[in-house]
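# Predicted model, plus sequence, below.
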Amino acid sequence: MKILILNGPNLNLLGTRQPEVYGHTTLSEIEAMCQAKAAELGVAIDFRQSNHEGDLVDWIQEAKGQLDAIIINAAAYTHTSVAILDALLSVEIPCLELHLSDISQREDFRKVSFVEKASFAQIMGHGPDGYPMAIEATVQHLAG
Ligand code: DQA
């Protein structure tokens, strides 16, 4: 079982970016948390980040027939990107929407999620711990 974990714009800055909102954990540390959880569950992960919408669309398209599930923190593109939604709907791979913060409790513009329309579940508001939680939820979803 292989899970693609995608991270959108500005998540490369985690650790120093608005720590009052996103905490002090870096994206590399989150990747290590994901690798540990994946090893524990006996699954493989492919962990990626890009600031570019088209990269995310390309990686979603390339996953078709190659990967079993997608976990995506599309960051700001969550709230704007029909292109990412269309890519997720095209590949017919189960998708889980992930956020560090609780987007339902923030500004109104963050309450709109295009990614939600292609996702079997959302995990938000758990900070970095949401990543291993998302892996567990995805493995359970695939098993069920
Ligand atoms: C985020 C929430 C988004 O609204 C924001 O644009 C991000 C990060 C989160 O993980 O909480 O960049 O996706």
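All right, it came through fine.

# Next, the buried residues of stretch 73-85.
73-75, 77-79, 81, 84-85 (16 or more other C-beta atoms under 10 Å). In short, each C-beta sits where N, CA and C put it, glycine included.

# Tell me which of the residues you listed fall in helices.
84-85 (DSSP state H).

# Let me see the ranges of the strands in this structure.
Applying DSSP state E to the chain gives strands spanning 2-7, 44-49, 69-73, 95-99, 121-124.

# and the ligand, which of the buried residues of stretch 73-85 contact it?
Residues of the buried residues of stretch 73-85 in contact with the ligand (C-beta under 6 Å from any ligand atom): 73, 75, 78.

# tell me which parts of this protein are close to the ligand?
Checking the chain against the ligand by C-beta under 6 Å from any ligand atom, the hits are 10, 73, 75-76, 78, 99-101, 103, 110.

# got those residues as CSV, with pLDDT columns?
Listed next are the residues of the chain next to the ligand as CSV, based on pLDDT from 0 to 100:
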residue, pLDDT
10, 98
73, 98
75, 98
76, 98
78, 98
99, 98
100, 98
101, 98
103, 98
110, 98
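
# How far off centre is the least confident helix or strand in the chain by mean pLDDT?
Within the chain, judged by mean pLDDT, DSSP states H and E, the helix or strand with the poorest mean is helix 19-22; its value is a mean of 95. Mean C-alpha position of helix 19-22 versus that of the full chain (C-alpha atoms, centre = their mean, to the nearest Å) differs by 18 Å.
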